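# What follows is a predicted structure for the sequence shown.
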Amino acid sequence: MGKKDIDFALLFCNLNDSGIHTHFMRFDIDVYFLDKNKVVFEKTTLKPWKFYRPEKQAKFILETKKDVLKIEIGDKLDFI
């Protein structure tokens, strides 16, 4: 939060709530919601000062700067 730019992704794991916000962000982000099998089931792009909650609970959330990754719904990701 508060950064003008990022060159990395953030991965959130073992979540109790999948709602996210972009308060204090200064640029648009892409957000990918993944299930327990690491499959993307929902994707959104958020502008600063927005709130979003996916239709179902995510096991993982991946956040990146807008248009950095070419990940689509149904893609399976691999990470440790």
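Done, it's in.

# Next one: the closest residue to residue 19 other than its chain neighbours from residue 33, what distance?
Once flanking residues are discounted, residue 19 sits nearest to residue 53: 4.1 Å by Cβ to Cβ, 6 or more residues apart in numbering. All C-beta atoms are positioned from the backbone trio N, CA, C, and that covers glycine. In this structure, residue 53 and residue 33 are 10 Å apart, going by Cβ to Cβ, to the nearest Å.

# Could you tell me which residues touch both of the two?
Shared contacts of residue 53 and residue 33, defined by Cβ atoms under 8 Å, 6 or more residues apart in numbering, comprise residue 18.

# ranges for the strands of this protein?
Along the chain, counting by DSSP state E, strands occupy 10-13, 20-21, 29-34, 40-46, 51-52, 60-65.

# winner for burial among those strands?
Of all these, strand 29-34 carries the top mean neighbour count, a mean of 22, counting by mean count of other Cβ atoms under 10 Å.

# So what are the sheet partners of that strand and their directions?
Pairing partners of strand 29-34, with direction, according to DSSP bridges: strand 40-46 (antiparallel), strand 60-65 (antiparallel).

# Relative to residue 76, tell me which of the strands of the chain wins on proximity.
Nearest to residue 76 among the strands of the chain is strand 40-46; the distance by Cβ to Cβ comes to 7.8 Å.

# What is the neighbour count of the closest residue to residue 23 other than its chain neighbours?
Closest residue to residue 23 in three dimensions, ignoring its sequence neighbours and counting by Cβ to Cβ, 6+ apart: residue 49, at 5.9 Å. Residues lying near residue 49 (other Cβ atoms under 10 Å) number 10.

# quick one: contacts for residue 49?
For residue 49, the contacting residues are 22-23, 25, by Cβ under 8 Å, 6+ apart.

# Can you tell me which of those residues is closest to residue 74?
Closest to residue 74, out of all of these and judged by Cβ to Cβ, is residue 22, at 24.8 Å.

# Next, name the residue at the spatial heart of this protein.
Taking Cα atoms, centre = their mean, the centroid of the chain lies closest to residue 31, which sits 2.5 Å from it.
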